[in-house]
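Next come a sequence and a model predicted from it.
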Amino acid sequence: MISTRGRYALRVMIDLAENQADGYIPMKDVAVRQGISPKYLEQIMPILSRNRLVKAVHGKGGGYRLAAEPADIVIGDVLRLTEGSLAPVACLAEGAEKCERESSCQTIDFWRGLSKVINGYLDSKTLADLMSN
């Protein structure tokens, strides 16, 4: 299940994309438009900024803007940054310890297939695909 953090990150990124003609956008403006607590956005924006999905300018006239065109920002990348693993089961999460039952697991191929479908779908969509304009 995608958490609030992942869902809000996508909403913020779409908002920035749809308002990118305005230059750097104050986070309070995005918070109001999206109905998201500014405190919650303060937790999300550094993740997106550190990973070069958004650019930040602090101080008067500052705010955030996308670091790339909406068509170049992959939804899977945004969600992996904010969610961590998108694996459907813990044993397939990146960095997970090798499961002692893997060699006899009757469901591992099913979970791998599901993971491939999930990640393939998320990686086939960009921010531009989610924009209303």
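All right, it came through fine.

use CA for all of it now, contacts and neighbours both
Noted.

and the residue nearest the centre of the chain, how far is that from Met45?
The C-alpha lying nearest the average C-alpha coordinate of the chain belongs to Val78 (CA atoms, centre = their mean; 2.3 Å). To Met45, Val78 is 11 Å away according to CA to CA, to the nearest Å.

Ok, Met27 next?
Distance, Met27 to Met45, by CA to CA: 9 Å.

same check, this time on Met131
Distance of Met131 to Met45, computed by CA to CA: 19 Å.

For those two, indicate the residue with more neighbours.
Between Met131 and Met45, Met45 has the larger neighbour count (other CA atoms under 10 Å), namely 21 against 15.

Name the spans of the protein whose pLDDT lies under the cut-off.
Residue ranges of the chain with pLDDT under 70: 133.

Mind jotting down where the helices sit in it?
Counting by DSSP state H, the chain has helices at residues 4-18, 27-34, 38-50, 75-83, 108-123, 127-130.

got a list of contacts for the third one?
Pointing back at helix 38-50 there. Residues from elsewhere that reach helix 38-50 (CA atoms under 8 Å, 6 or more residues apart in numbering): 5, 9, 27-28, 31, 54-56, 78, 81-82.

Check these for burial and list the buried ones.
Applying 16 or more other CA atoms under 10 Å to these, the neighbour count classes 5, 9, 27, 31, 54-56, 78, 81-82 as buried.

Tell me which two of the residues you listed sit farthest apart.
The most widely separated members of these, counting by CA to CA, are Ala31 and Leu81 (20.2 Å).

now the nearest residue to Arg80 once chain neighbours are set aside: how far from Pro26?
Of all residues not flanking Arg80 in the chain, Leu86 sits nearest, at 6.5 Å (CA to CA, 6 or more residues apart in numbering). Leu86 sits 30 Å away from Pro26, going by CA to CA.

For burial, what's the neighbour tally of the residue lying closest to Leu16 once chain neighbours are set aside?
Distances taken as CA to CA, 6+ apart place Arg65 nearest to Leu16, at 5.9 Å, with adjacent residues excluded. By other CA under 10 Å, the residues close to Arg65 number 25.
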